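Asker: Just to be clear, the model below is a prediction. Sequence and coordinates:
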Amino acid sequence: MRIVVHGQQAFGRAVLERLLEQGENVVAVCVAPDKEGRPVDPLKELALEHSLPVHQPASWKTGESLELMKSFDADVCMMAYVLLFVPDAVINAPRLGSFQYHPSLLPMHRGPSSINWPIAMGSTRTGLSIFWPNDGLDEGPILMQKTCDIGPDETLGDVYFKKLFPMGVDAMMESLERVKRGDAPRIEQNLDEGSYESWFGKKQAEIDWTGSAQEVYNTIRAANPQPGAWTTRDGVEVKIYDSRLSGDSGQPGEVVAIDDESFTVAASQGAIRVMRVRADAGKVSATEYAASSNLSVGDRFG
């Protein structure tokens with residue numbers, strides 16, 4: 001089977017690695033355009049190591065891009081972390097179409113920050129979908145889904161790197177085998193039962209200390225490591241990473257305790273024990289930050 005791999009970053013590289021290990025016939029690799037001053041994309045790097053043809057269109061919405069996909073004479077395209085919009089004509093150019101990885105249980109959490117949002121919303125369960133993309137935003141028919149728990153203290157990094165990443169690579173390989181056997185389903189999504197959320201960015205990662213400690217904790221977990229939950233102290237931005245819930249109490253944003261490992265900040269119900277932050281000195285332990293910034297009990301964040 002003639003396979004095109006379209007993707008980027010570590011996930012795209014991991015999918016290509018597995019295909020090469022299995023001896024699959026990868027005829028082309030499509031990667032996001034290079035960014036000036038940034039390292040070579042890991043997927044591109046691996047493709048070049050194996051002398052595979054690499055293509056990096058700035059847009060897939062052109063006649064030239066359609067002809068490029070047609071020129072591969074591919075049976076299937078595997079989309080492994082694709083952010084550029086790819087129109088139906090290009091998606092359907094391979095004989096058996098294209099299937100794509102999405103790290104949520106579609107139709108829930110369609111959109112670009114589908115791992116952050118369920119954590120921020122306090123969900124205890126998420127998963128991944130392999131689907132047949134179309135011109136909608138993550139709206140195409142489902143090929144396969146797999147679920148996983150979100151632990152009470154798990155962060156974005158935990159859920160992605162320990163669960164959705166390795167599960168996703170396995171699911172992409174399993175989906176390819178189903179396509180080869182001719183038993184890959186196309187189960188239509190009921191979009192009325194789902195949700196779409198845009199980027200979980202800096203605005204969404206701002207800590208509201210007047211919320212409950214659980215709500216604050218969910219925001220911190222959902223933003224760790226990216227984009228980083230943040231607050232301010234005396235007008236200076238401070239990002240909070242590693243933390244835990246605490247039963248302490250005080251006024252929202254008030255520092256209520258400092259010890260050898262952490263400092264604790266009150267929310268409206270409960271508090272957050274902070275272990276790691278990023279401020280002017282970079283990413284440091286909470287105790288280093290407290291010492292260097294003369295943090296005291298009674299100081300306020302937010």
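Answerer: Structure received. What you are looking at is a predicted structure, and each value in this text was computed from that prediction instead of being measured.

Asker: what sits against the nearest residue to A184 once chain neighbours are set aside?
Answerer: Setting aside the residues directly before and after it, A184 is nearest to R178 in space (CB to CB, 6 or more residues apart in numbering), at 4.1 Å. Quick note: C-beta positions are derived from backbone N, CA and C, even for glycine. Contacts of R178 were listed using CB atoms under 8 Å, 6 or more residues apart in numbering, and they are L143, M144, A184.

Asker: and with 10 Å instead?
Answerer: Under the criterion of CB atoms under 10 Å, 6 or more residues apart in numbering, the contact partners of R178 comprise F99, I130, L143, M144, A184, P185.

Asker: Show me the one in those that has more neighbours than the rest.
Answerer: F99 (29 neighbours; other CB atoms under 10 Å).

Asker: Now do the helices in this structure.
Answerer: 9-21, 42-49, 63-71, 88-91, 116-120, 156-159, 165-181, 213-222, 286-292 (DSSP state H).

Asker: Can you tell me which of those is nearest to R244?
Answerer: Comparison of the helices of the chain against R244 by CB to CB identifies helix 213-222 as nearest, at 7.9 Å.

Asker: Let me see the domain layout of this protein.
Answerer: As given by automatic domain parsing, the domain ranges for the chain are 2-193, 213-292.

Asker: Check the gap between G201 and E288 for me.
Answerer: Between G201 and E288 the distance is 27 Å, computed by CB to CB, to the nearest Å.

Asker: Quick check: end-to-end length of stretch 38-47?
Answerer: By CA to CA, to the nearest Å, the extent of stretch 38-47 from end to end equals 18 Å.

Asker: one step back: okay, the contacts of R178 in TSV with pLDDT and distance to Q8 next?
Answerer: Conversion of the contacts of R178 to TSV gives the following (pLDDT from 0 to 100; distance: CB to CB, whole Å):
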residue	pLDDT	distance to Q8
F99	98	17
I130	98	17
L143	98	21
M144	98	22
A184	98	24
P185	98	27
